[in-house]
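Chemist: build me a model from this:
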Amino acid sequence: MAAALCAATVLGFASCSDDDDEPTVPGTTIEEVFPAGLPTQIGDTKITTNANGQVTKIEDGSESAVFEYGTFSRATEYQVKMTVSDTEYPEDNFTIYMQLNGQGFVSHALQVYADGEEDTWDFGYNGDGQLNTLKRSEGGDEDGFEVTEMTYTAGNITSVKEYETRGNGEIGGDAGSTSTIEYTTSSAAAIDNKGALMMFDDMFGVDMDEMGIAYFAGLLGKATKQLPLVRKYDGQDGSFFSYDWTINAAGLPTKMVSTFNYDGGSYEDGSITFKW
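Modeler: Numbers count the residues shown, from 1 in each chain. Okay, the predicted model is just below:
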């Protein structure tokens, strides 16, 4: 249940000149992020908007994410509140409070679990408004962070690096992983990302977890220019994921099939359908 880059460091994320400005109306970036229109359904996940075009609910079976916009105060003020609940597993419910930058995208988020535990998220964007850095706490500063850095080339994510830091900011014992993304193959031409799809985990291997759904509320930046066709992990002996897209007459994707390829074989990893 994605040009010129603004300066960024591992623990000081990119911020463009207008990032510190207060966004005018939270949640009104939908037309900017999805110029061809927001999908109404992704797999079994349905998206609901209000009269202002803001996403108010994203639901899949017993799970739902409800979005509220305004001012929400905890230790500081937030502009968006996302309440995620599961009627079958209420112990897994949580709430994420989001602060937005001047582009209307999330710059900082506080995640509060049902048991009262908390995690934080920090996000950075390049000059084109595309997400290029994220940092997530794992049990607080003392235990360190999960860090992801995305490199863009000509509007497309071409490299994803993930690693962990200790609480003092030093790189952890595990150097992490790097994957590369390709948008053409010897048998397939590039496909424009007209639908502005960004399933960060499924398409790019970015460990976004609970925050990923916020992209479809227009809150996590803009999409890549094209759809990924291949994702390779460094040091995995040639194994890779390939993506096969079905595109309708309007140039919008209606299905993605993910295949894991390895030495001597392959198997379908999963498929997702899209309605517009």
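Chemist: do I have it right that Asp119 meets Phe145?
Modeler: No: Asp119 lies out of contact with Phe145 (C-beta atoms under 8 Å); the separation is 9.8 Å. Using the backbone N, CA and C atoms, a C-beta is placed for each residue, glycine as well.
Chemist: need the overlap of contacts for those two.
Modeler: Taking C-beta atoms under 8 Å, 6 or more residues apart in numbering as the contact rule, Asp119 and Phe145 both touch Arg136, Ser137, Glu138.
Chemist: tell me how far Ala36 lies from Met150.
Modeler: Distance of Ala36 to Met150, given as C-beta to C-beta, to the nearest Å: 23 Å.
Chemist: brain fart, Gln79
Modeler: As judged by C-beta to C-beta, Gln79 and Met150 stand 24 Å apart.
Chemist: how about Ser266?
Modeler: Distance from Ser266 to Met150, by C-beta to C-beta: 26 Å.
Chemist: with Tyr267 instead?
Modeler: Using C-beta to C-beta, Tyr267 is found at 27 Å from Met150.
Chemist: if you count what's nearby, which of these two comes out ahead?
Modeler: Taking other C-beta atoms under 10 Å, Tyr267 and Met150 do not tie; Met150 has more neighbours (23 against 8).
Chemist: follow-up on the earlier one: among the shared contacts of Asp119 and Phe145, which one has the most neighbours?
Modeler: Neighbour tally across those (other C-beta under 10 Å): the maximum, 21 neighbours, falls on Arg136.
Chemist: which pLDDT value goes with that residue?
Modeler: At Arg136, the pLDDT value in this model is 94.
Chemist: same check, this time on Gly235
Modeler: Looking at Gly235, its pLDDT stands at 66.
Chemist: what of the one 10 residues further on?
Modeler: In the prediction, the pLDDT value recorded for Trp245 is 98.
Chemist: cool, and the one 4 residues further on?
Modeler: Among the per-residue scores, Ala249 holds a pLDDT of 97.
Chemist: number of nearby residues for it?
Modeler: Ala249: 5 neighbours (other C-beta under 10 Å).
Chemist: and what of the one 10 residues further on?
Modeler: Counted with other C-beta under 10 Å, residues neighbouring Thr259 total 15.
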